[in-house]
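Colleague: Here is a sequence together with a model predicted from it:
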Amino acid sequence: MAGSEGEPRRTPLYDLHREYGAKFGPFAGYDMPMHYAGGILSEHRHTRSDAGLFDVSHMGQIVLHGADRAAYLEGLVPVDVVGLPAGRQRYGFLTNARGGILDDLMVTNLGDRLFLVVNGACKAADVAHLRAALTGDVTGDVTGDVAGDVAGDCRLEVLEDRALLALQGPAAADVLARLAPRVAAQGFMSVEEAELEGVACLVSRSGYTGEDGFEISLPAAGCEALARRLLAEDEVALVGLGARDSLRLEAGLCLYGADLDETTTPVEADLVWALSKARRAGGARPGGYPGAEVILAQLAEGPPRLRVGLRPEGRAPVRGGAELVDEAGRTVGSVTSGGFGPTVGAPVAMGYVERALAGDGTGLSALVRGKPHAVQVTGLPFVAHNYHRG
């Protein structure tokens, strides 16, 4: 839903958020709920114990059609799309010529098409990047609507009038199964079409909190009715972006624009697990995407820096942007995300440090308002993942 020119956009649930007393803030060009009356701490804990309902309709939703869709997308990402089974999704990245991450995204094989979910702040740039590849203009700027142009047999469709809900937490499967019993049998990272409240939805068992849960893509017109139906269940509460951030930080999950950007490679970000074997050296289809030479070299030789967890001493949080220094006062990295971890009961942070200093237990200092604050390098995640593995 578009706002007036120069004003933030609104999701289809804007009026529902207001009804529930949301505190709004700008995010990715949208007026988004940051938290509700109970506050971030309560929402965070409720998601860990029961089920939180998140409005993530600011995310971009894109469909690729045509017989060559998988081969086309593999020319832009370092993951195995050709071998992705129908009904499954995979985490991946759009990369640039330096191996940096233009965006991280989810890729789903729906059998006759590919479905992509991209970050809200990046979706316009992502669509331009995808369209440029369709026209062969991968280094230039693309303007106008060229979605009908093809690379081989591949066509791009941007889903504009679409919403996205996330139901996350240990009670999520039981709640959703009351509406569509078969979803309880879904495995982690599986996707299927299901009817919820009389609306055809695309349901994936995945999420951004470290908990079991589902993401539900559906027409914008049916979004409010489904949200109200879910909120009628005792276990479900609305959760804003504030708790979404603290939950993903405890789970050691990256936020694009903070922990990932165009200067960061997937290897540096410690996301090697997402680089499919088929696209690595010796694999069935190695390289062939922007920045492959840089990424493959870092896989073989190691990156200059690594993303790590950080545990600040005391109770004061260390925020993103803080410089990291060694005992000699030499700058060795920076904090990219930080805050208080409600489940941990202490401050937690993530950042990048020189590879030689990335081992667990390494002591460093974060400069907070110019003063050194002791931190210790630690493994991720801070809170164990509870994904459904059945």
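Modeller: Alright, I've got the coordinates.
Colleague: List the contacts of the closest residue to residue 178 other than its chain neighbours.
Modeller: With CB to CB, 6 or more residues apart in numbering as the measure, residue 233 is the residue that lies nearest to residue 178, at 7.1 Å, once sequence neighbours are left out. Backbone N, C-alpha and C define where each C-beta goes, glycine included. Taking CB atoms under 8 Å, 6 or more residues apart in numbering as the definition of contact, the neighbours of residue 233 are 51, 175, 178.
Colleague: Tell me the one among those nearest to residue 14.
Modeller: residue 51 (21.9 Å; CB to CB).
Colleague: Is the closest one bridged to anything, and to what?
Modeller: Under the criterion DSSP bridges, residue 51 forms beta bridges with residue 236.
Colleague: what about it, distance to residue 226?
Modeller: Distance from residue 51 to residue 226, counting by CB to CB, to the nearest Å: 14 Å.
Colleague: out of those two, which sits in the busier spot?
Modeller: It is residue 51, of residue 51 and residue 226, that has more neighbours when counted by other CB atoms under 10 Å, with 27 against 22.
Colleague: Next one: residue 108 relative to residue 221, how far apart?
Modeller: The spacing between residue 108 and residue 221, counted by CB to CB, is 22 Å.
Colleague: Sketch out the strands for the stretch 201-350 of the chain, chain order is fine.
Modeller: 213-219, 236-238, 305-312, 323-325, 331-341, 346-354 (DSSP state E, counting those that start in this stretch).
Colleague: mind checking which of the ones you listed is nearest residue 268?
Modeller: Short answer: strand 305-312, nearest of the strands of the stretch 201-350 of the chain by CB to CB, at 5.5 Å.
Colleague: how about the closest residue to residue 390 other than its chain neighbours, secondary structure?
Modeller: Leaving out its chain neighbours, the residue that sits closest to residue 390 by CB to CB, 6+ apart is residue 187, at 6.3 Å. When classified by DSSP: H, G, I helix; E, B strand; the rest coil, residue 187 comes out as coil.
Colleague: how about the longest helix seen in the chain as CSV, C-alpha atoms only?
Modeller: For the chain, the helix reaching the highest residue count under DSSP state H is reported as helix 123-135. Extracted as CSV, the C-alpha positions of helix 123-135 are listed here (Å, rounded to 0.1, in the frame of the first residue of the first chain):
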residue,chain,number,x,y,z
LYS,A,123,14.0,-5.0,-3.5
ALA,A,124,14.1,-2.1,-6.0
ALA,A,125,17.8,-2.6,-6.6
ASP,A,126,17.4,-6.4,-6.7
VAL,A,127,14.7,-6.1,-9.4
ALA,A,128,16.9,-3.8,-11.4
HIS,A,129,19.8,-6.2,-11.1
LEU,A,130,17.7,-9.2,-12.1
ARG,A,131,16.2,-7.3,-15.1
ALA,A,132,19.7,-6.1,-16.2
ALA,A,133,20.8,-9.8,-16.3
LEU,A,134,17.7,-10.7,-18.3
THR,A,135,18.7,-8.1,-21.0
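Colleague: next one: that helix to chain centre, how far?
Modeller: Here helix 123-135 shows a centroid-to-chain-centroid distance of 19 Å under the convention CA atoms, centre = their mean, to the nearest Å.
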